[in-house]
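Chemist: What would the 3D arrangement of this be:
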Amino acid sequence: MKKLGISIGILAALFVGFILFIQNVNINRLGADSYFVKITTDGKEIGDVTDTGEKWTRYEYQLESVNEKGETKTLEFTSQNPLRHDAYLEVFVKGENEVTSYQEVQQAELPSKVKKELK
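Modeler: Sure, this is the predicted structure:
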């Protein structure tokens, strides 16, 4: 009976840990390389209508990016809303150019090599 109680307690702790992990970790960022971009242009507006008549709009950006080592590459990604001009983004990339996620960062948070490239 004691072993059953311990087993149930361990399983409950693992379940709670798993739920907390899923809620607090952006899985799209795991194993991804970080690049940084500065929004310098308006995104290209892409819109369509679904079969149900619902309209949707996305904004496509193609920008030069730089990583912490100073290496550059052109990345293409989309956003649900237009992005603010002169904003700095940390872009998470898997594979060659697959952008999986991004977040805005402040200029003071940029690595030194990135600051030099993204003036």
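
Chemist: ok, the closest residue to Val49 other than its chain neighbours - contacts?
Modeler: On the basis of CB to CB, 6 or more residues apart in numbering, the spatially nearest residue to Val49 that is not a chain neighbour turns out to be Lys55, at 5.4 Å. For glycine as for every other residue, the C-beta is placed from the backbone atoms N, C-alpha and C. Residues counted as contacts of Lys55 (CB atoms under 8 Å, 6 or more residues apart in numbering) are 47-49.

Chemist: For those, give me CSV that also has pLDDT, secondary structure and neighbour count.
Modeler: CSV is the format used below for the contacts of Lys55 (pLDDT from 0 to 100; DSSP: H, G, I helix; E, B strand; the rest coil; neighbours: other CB atoms under 10 Å):
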residue, pLDDT, secondary structure, neighbour count
Gly47, 88, strand, 9
Asp48, 87, strand, 9
Val49, 85, strand, 9
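
Chemist: From Thr41, how far out is the most centrally placed residue in the chain?
Modeler: Computing the C-alpha centroid of the chain and ranking residues by CA atoms, centre = their mean puts Ser101 first, at 1.8 Å. Here the distance between Ser101 and Thr41 works out to 21 Å (CB to CB, to the nearest Å).

Chemist: For the residue nearest to Val49, report the pLDDT, please.
Modeler: Per-residue confidence for Lys55 comes out at a pLDDT of 89.

Chemist: Kindly list the main-chain dihedrals of it?
Modeler: When read as degrees, to the nearest 10, the backbone of Lys55 gives phi -90, psi 140.
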